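Peer 1: 3D, please:
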Amino acid sequence: MHGTVMERRRLRAAQLFQKGWRITDIARVLDVSAPAVSQWIAILRTKGEDGLISRPRTGAPRRLSARHSLMLQVLLKQRPRVHELDADEWNRMLVQRVIKKLFGITYSVQHCGRLLKTAKSSKQAIPRLTRLELDDLLKKTDIARIRTRLGKRHVRSSY
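Peer 2: Model (predicted):
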């Protein structure tokens, strides 16, 4: 959820707790788990309300740019055969190899599964320029060479 929504929820839980509400009742009203509310109350006790304020997320920066993510969505919404790949359906290993070939990025098979699921369910409009960039990228990258390297083991593979 968006940080400000969760922040308001945590602060509301703190207000209700300070009014004497039980943790289970707060959880039910805010539609969250009781352990989550307990954690928020523990933070409230040690750090005060400032501890419930959202902070910037940490972690590694994204390796796949927003532009490349859009290109990947375009690619994954079409059947692999459209791009001369010898497979009927996209699967995690095929996605992994295509990302490596097109963008030079190596992801785990599990992460490629998440990317595939996200791309297939996305309703985001793809700009025409992104589609043209993908076409250029595919022309420069000999996608037929990917097909021969992948071999027959991806035929009829499923996600």
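Peer 1: quick one: the helices in this protein?
Peer 2: 3-18, 23-30, 34-47, 66-77, 92-103, 109-121, 128-140, 143-150 (DSSP state H).
Peer 1: can I have the fifth one written out in CSV, keeping just the CAs?
Peer 2: To tie it back to what came earlier, the one meant is helix 92-103. Below are the C-alpha coordinates for helix 92-103, written out as CSV (Å, rounded to 0.1, in the frame of the first residue of the first chain):
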residue,chain,number,x,y,z
ARG,A,92,10.1,-18.3,-16.2
MET,A,93,13.3,-19.7,-17.8
LEU,A,94,12.4,-18.3,-21.2
VAL,A,95,11.7,-14.9,-19.7
GLN,A,96,15.0,-15.1,-17.8
ARG,A,97,17.0,-15.8,-21.0
VAL,A,98,15.3,-13.1,-23.1
ILE,A,99,15.9,-10.5,-20.4
LYS,A,100,19.5,-11.4,-20.3
LYS,A,101,19.8,-11.3,-24.0
LEU,A,102,17.9,-8.0,-24.6
PHE,A,103,18.8,-6.0,-21.5
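Peer 1: by contact count, what packs against that helix?
Peer 2: Counting contacts by 3 or more Cβ pairs under 8 Å, 6 or more residues apart in numbering; DSSP states H and E, helix 92-103 is packed against helix 66-77, helix 109-121, helix 143-150. Where C-beta positions appear, they are placed from N, C-alpha and C, glycine not excepted.
Peer 1: I'd like those helices as TSV, with mean neighbour count and distance to residue 131 appended.
Peer 2: What follows is the helices and strands packed on helix 92-103, written out as TSV (neighbours: other Cβ atoms under 10 Å; distance: least, Cβ to Cβ, whole Å):
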stretch	mean neighbour count	distance to residue 131
helix 66-77	18	6
helix 109-121	15	14
helix 143-150	14	15
